[in-house]
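Undergrad: Predicted structure and sequence below. I'll ask about it afterward.
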Amino acid sequence: MIDLARMKGVYVDASRQTVRAQGGVTWAELNRETQLHGLAVTGGVVSTTGIAGLTLGGGIGWLMGKYGLALDNLHSVELVTAEGRVLRGSAEENPDLFWAVRGGGGNFGVVTSFEYRLFPVGPTVTGGLIAYSFECAREMLRFYRDFTASIPDEHTVAATLVHAPDGSGTKLAAVVACHCGSLAEGEAATRPLNEFGSPVIAPLGAMPYCQLNRMLDDGYPKGALNYWSSRPENPPASPDTV
């Protein structure tokens, strides 16, 4: 394993609305620098996640409804091959390599820096976590299904069944949300969520984007060795290969 954790450079070009960050940067560190200029890019739902692994695997996040995945907003990468060659990948330079590293999963080298397109976001957005007793889960999930059928692109909403954040082990049915448009639009968009049922944790409201990006961190403490993937590592064989 090659550890890039000490490579922490972040360089924001506010006039071009881009940022270049080295491979050891976390989303908390990237957001801290870009939010100084009221800018952001899609990146994770846990702030301690590294930008490298998340981006090369796709890159979900609170802004994806409006701005797509992290890799959709990747301008270029700097990559070191096994032979020690330093290459730049972009739409203009080594385009095949640039295509391959964006979610392909192949081992083409070590990406040491990433350049992203940024968008005007924050520094205050509308969102948070709202939760209900586990007995309300069926009703809440039906409401979530109907509510999300017509929400605007600025509104990213997810429903989940979780344990209470206080460590008690209490089961909850929760909704997490981020509206990255104006605060007035965000208040209107989240009003149905705030008015539904009898939540035990509420309400959604205005908060700094950096704070929203940290709100799930306690559920994924350092050392937990979490690994998420959108596909099984060993998918079952199809009938014609058995």
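TA: Noted; the coordinates are in hand.
Undergrad: what's K222 sitting at in phi/psi?
TA: Backbone torsions of K222, given as degrees, to the nearest 10, read phi -60, psi 140.
Undergrad: ok, now E154?
TA: Main-chain torsions, E154, degrees, to the nearest 10: phi -70, psi -10.
Undergrad: Pull up the gap between it and P165, please.
TA: Per Cβ to Cβ, to the nearest Å, E154 is found 26 Å from P165. Backbone N, C-alpha and C define where each C-beta goes, glycine included.
Undergrad: again, but for C136
TA: Applying Cβ to Cβ, the value for C136 to P165 is 18 Å.
Undergrad: circling back: between E154 and P165, tell me which one has more neighbours.
TA: The neighbour comparison of E154 against P165 (other Cβ atoms under 10 Å) goes to E154, with 20 against 16.
Undergrad: Was I right to think that one contacts Y67?
TA: No. Counting by Cβ atoms under 8 Å, E154 stays clear of Y67, with 9.5 Å between them.
Undergrad: ok, and the closest non-adjacent residue to L36?
TA: Excluding its sequence neighbours, the residue lying closest to L36 (Cβ to Cβ, 6 or more residues apart in numbering) is V12, at 7.4 Å.
Undergrad: can you list contacts of the helix or strand hosting the one you found?
TA: If you go by DSSP states H and E, V12 is part of strand 10-13. Contacts with strand 10-13, where a contact means Cβ atoms under 8 Å, 6 or more residues apart in numbering, come from 18-22, 25, 29-30, 33-34, 36-37, 39, 118.
Undergrad: out of the residues you listed, which are buried?
TA: Buried members of the contacts of strand 10-13, scored by 16 or more other Cβ atoms under 10 Å, are T18, V19, R20, A21, Q22, V25, E29, L30, T34, H37, L39, L118.
Undergrad: quick revisit: tell me the helix or strand right after the strand holding V12.
TA: Remark: after strand 10-13, the chain's next helix or strand is strand 18-22, criterion DSSP H and E.
Undergrad: and Q35, how far is that from V121?
TA: Counting by Cβ to Cβ, the separation of Q35 from V121 is 8 Å.
Undergrad: doesn't C210 make contact with R32?
TA: Yes. R32 is within contact range of C210, at 6.3 Å (criterion: Cβ under 8 Å).
Undergrad: neighbours around Q211, how many?
TA: Residues near Q211, counting by other Cβ under 10 Å, number 15.
Undergrad: Show the pLDDT at the nearest residue to G44 once chain neighbours are set aside.
TA: Computed as Cβ to Cβ, 6+ apart, the closest residue to G44 that is not its neighbour in sequence is W27, at 4.3 Å. W27 carries a pLDDT score of 95 in this model.
Undergrad: now do the one 5 residues further on
TA: Here, the pLDDT recorded for R32 equals 96.
Undergrad: That one: what secondary structure?
TA: Secondary structure assignment for R32 (DSSP: H, G, I helix; E, B strand; the rest coil): helix.
Undergrad: Share the number of residues neighbouring it, please.
TA: By other Cβ under 10 Å, the residues close to R32 number 15.
Undergrad: OK, contacts around it?
TA: R32 touches C210, counting by Cβ under 8 Å, 6+ apart.
Undergrad: which residues touch D217?
TA: Counted by Cβ under 8 Å, 6+ apart, D217 has contacts V46, S47, T48.
Undergrad: same deal with H163?
TA: For H163, the contact set (Cβ under 8 Å, 6+ apart) comprises G169, T170, K171, L172.
Undergrad: and if you look at L172?
TA: By Cβ under 8 Å, 6+ apart, the contact set of L172 is A131, Y132, S133, F134, L161, V162, H163, A164, V200, I201.
Undergrad: what about burial for those residues, which qualify?
TA: Of these, these count as buried by 16+ other Cβ under 10 Å: A131, Y132, F134, V162.
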